[in-house]
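>>> Requesting a structural model of the entry that follows:
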Amino acid sequence: MKKLTRRRFLARSGLALSALAVPAVFPKTLLGANQKLIMGVIGCGGQGTGDMNSLKGSGGVEYAAVCDVYASNREKARGMNGPGCEAYDDFRDLLDRKDIDAVNIATPDHWHALIAIGACQAGKDVYCQKPLALTIEEGRAMVTAARRYDRIFQTGSQQRSDDKFRYACELVRNGRLGKLERIRTAVGGNKQGWEPDTDPPPGLDWNMYLGPAKWAPFNKLRFIWDFRWFYDYSGGNLTDWGAHHNDIAQWALGADEAGPVLIDGKGAFPTSGLFDTPITYEVNYTYPSGVKLTCSSDGNGCWFYGTEGEIHVNRGQLSSKPAEIIQKPTGKDEVHLYESANHYRDFLDCVKQRKRPICDVEVGQRSVSVCHLGNISIRLGRPIRWDPAAERIVDDEEANRWLSRPMRAPWHL
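Here you go, the predicted model:
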């Protein structure tokens, strides 16, 4: 039998994961120059183990624990860390460990909030994969927990640590395009597919995998990569890739604590199969400045258009019309954005220095909110008006009900 600690009793009762719990006092994890950061990974698929290896490769990190509901994943991850690493099938066991300073979270999206909030309450710093949360309400609860428990929290939207994306945003901020008029982001379409339900593979705790999501029989399309095409677990490419490219649009606009005010989305949904996110879509956003952002399923990348030219940026790509826009470096007295050469190293440095990283949880919340609002408008089939300060849809209580999602008992925020 597993040890029934007070934390485990409360968690089993559904009471320990409230972002409004009484704050506890934890060490700030101020590490000496040669002291290793002890970490755990929760979610040990390809993204989780990739993040784990990148964090270890950044130096000064040791993994003491891994956790996954699928035995194959967790045993593989444990084997990547040596004999002293423990494996768990329940994230709460890992969070009970007093020796763990920080965790990286790479589960499907519907688990991010509960695990990250629990980690903050347990005194752990957090590196959490994008998209930050399944809903806008869950994302706000994650920000609240990180602030309440004084935790360092990096969202895994790593394009913020890419020099081409940073430079493009600096050029926009410094008026190199003249007056910015519109932005286009392309994030790819979603899929249509069907497979019959089957029994779960050996070693998979399917009930725990579903967790707060509504019950569904096992289907391999709900598991591993393809979970992205179900609203129960994610939001399609609009949240998956949108949390990258729309994050860059927000950065260029200086909207890291703001957002659009009008959202008008349209999409074409699958006509057969299991997936329920739209195959093709286009969302038009209007910001308070009058700048228009169009995010669509057509292609991949970011484009900025102004009265004096345009810039295109993507991974490994940066170009402009006219070409000289990107050829003149930003000057000493111009706007210079937070510079990070490595997203993982930035997180580790910020843990040591106790400062907010380049893609802090608030940044992750605001950027994924843009994506969620697009999905809400598409699903409602009509435009919505957004109040970024209140984080509410204006004069539309039907639409506001989409800001949160019921959780399957006993899980709740």
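>>> Check which helix or strand residue 367 maps to.
Taking DSSP states H and E as the definition, residue 367 sits inside helix 361-380.
>>> For that helix, output the C-alpha coordinates as PDB.
What follows is helix 361-380 as a C-alpha-only set of coordinates in PDB (Å, rounded to 0.1, in the frame of the first residue of the first chain):
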ATOM      1  CA  VAL A 361       3.300  31.800 -16.800                       C
ATOM      2  CA  GLU A 362       1.500  35.100 -17.400                       C
ATOM      3  CA  VAL A 363       2.900  35.300 -20.900                       C
ATOM      4  CA  GLY A 364       1.900  31.700 -21.500                       C
ATOM      5  CA  GLN A 365      -1.600  32.500 -20.300                       C
ATOM      6  CA  ARG A 366      -2.100  35.600 -22.400                       C
ATOM      7  CA  SER A 367      -0.800  33.900 -25.600                       C
ATOM      8  CA  VAL A 368      -2.800  30.700 -25.200                       C
ATOM      9  CA  SER A 369      -5.900  32.900 -24.400                       C
ATOM     10  CA  VAL A 370      -5.700  34.300 -27.900                       C
ATOM     11  CA  CYS A 371      -5.900  30.700 -29.300                       C
ATOM     12  CA  HIS A 372      -8.700  29.700 -26.900                       C
ATOM     13  CA  LEU A 373     -10.800  32.700 -27.900                       C
ATOM     14  CA  GLY A 374     -10.400  31.800 -31.600                       C
ATOM     15  CA  ASN A 375     -11.700  28.300 -30.900                       C
ATOM     16  CA  ILE A 376     -14.600  29.700 -28.800                       C
ATOM     17  CA  SER A 377     -15.600  32.000 -31.700                       C
ATOM     18  CA  ILE A 378     -15.300  29.200 -34.200                       C
ATOM     19  CA  ARG A 379     -17.400  26.800 -32.100                       C
ATOM     20  CA  LEU A 380     -20.100  29.400 -31.400                       C
END
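>>> Domains in the chain, by residue range?
Using automatic domain parsing, the domain parsing of the chain gives 6-159, 160-330+361-403.
>>> and those domains, which is most packed in?
Ranked by average neighbour count under the criterion mean count of other CB atoms under 10 Å, the domains of the chain are headed by domain 6-159 at a mean of 20. Where you see a C-beta, it was placed from the backbone N, CA and C, and this is true even at glycine.
>>> circling back to that earlier point, switch the domains of the chain over to TSV; also include distance to residue 354 and mean pLDDT.
Conversion of the domains of the chain to TSV gives the following (distance: least, CB to CB, whole Å; pLDDT from 0 to 100):
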stretch	distance to residue 354	mean pLDDT
domain 6-159	5	89
domain 160-330+361-403	15	98
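>>> export those domains to a markdown table and tack on distance to residue 345?
As requested, those are arranged in a markdown table below (distance: least, CB to CB, whole Å):
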| stretch | distance to residue 345 |
| --- | --- |
| domain 6-159 | 5 |
| domain 160-330+361-403 | 8 |
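>>> still on that earlier bit, name every strand pairing with the very next helix or strand once past the helix holding residue 367 and say which way it goes.
Once the chain leaves helix 361-380, the next helix or strand it forms, by DSSP H and E, is strand 384-387. With DSSP bridges as the criterion, the sheet partners recorded for strand 384-387 are strand 262-268 (antiparallel), strand 392-393 (antiparallel).
>>> Which residues are in contact with residue 358?
Taking CB atoms under 8 Å, 6 or more residues apart in numbering as the definition of contact, the neighbours of residue 358 are 154, 160-161, 338, 340, 343, 346.
>>> does the spatially closest residue to it that is not a sequence neighbour count as helix, strand or coil?
Take residue 358 and drop its neighbours on the chain: the residue closest to it by CB to CB, 6 or more residues apart in numbering is residue 340, 4.4 Å away. Three-state secondary structure (criterion: DSSP: H, G, I helix; E, B strand; the rest coil) places residue 340 in coil.
>>> For residue 340, give me its contacts.
Counted by CB under 8 Å, 6+ apart, residue 340 has contacts 160-161, 346, 357-358.
>>> Same question for residue 295.
184-187, 238, 242, 245-246, 249, 282-283, 285, 370-371, 374.
>>> Keeping just the C-alphas, turn the helix or strand encompassing it into PDB.
With the criterion set as DSSP H and E, the secondary-structure element containing residue 295 is strand 292-296. As requested, the backbone C-alpha atoms of strand 292-296 are provided in PDB (Å, rounded to 0.1, in the frame of the first residue of the first chain):
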ATOM      1  CA  LYS A 292      -5.500  43.200 -37.100                       C
ATOM      2  CA  LEU A 293      -4.200  39.700 -36.600                       C
ATOM      3  CA  THR A 294      -5.300  36.900 -38.900                       C
ATOM      4  CA  CYS A 295      -4.500  33.300 -37.700                       C
ATOM      5  CA  SER A 296      -5.300  30.500 -40.200                       C
END
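>>> Just give the strands next to it in its sheet, each with its orientation.
According to DSSP bridges, strand 292-296 has the following sheet partners: strand 180-187 (parallel), strand 280-286 (antiparallel).
>>> I'd like the next helix or strand past the longest one.
Toward the C-terminal end, the helix or strand that comes next after strand 180-187 (DSSP H and E) is helix 206-210.
>>> Mind giving me the packing neighbours of that following helix?
For helix 206-210, the packing partners by 3 or more CB pairs under 8 Å, 6 or more residues apart in numbering; DSSP states H and E come out as none at all, with no helix or strand in contact.
>>> who touches it?
Counting by CB under 8 Å, 6+ apart, residues outside helix 206-210 touching it are 69-70, 89-90, 108, 200, 216, 218, 223, 408.
>>> again, only using 7 Å
Contacts with helix 206-210, where a contact means CB atoms under 7 Å, 6 or more residues apart in numbering, come from 69, 200, 216, 218.
>>> How about the contacts made by residue 84?
Taking CB under 7 Å, 6+ apart as the contact definition, residue 84 lies against residue 64.
>>> Please report how far it lies from residue 43.
Using CB to CB, to the nearest Å, we find residue 84 at a distance of 21 Å from residue 43.
>>> What of residue 162?
From residue 162 over to residue 43 the distance is 24 Å, taken as CB to CB.
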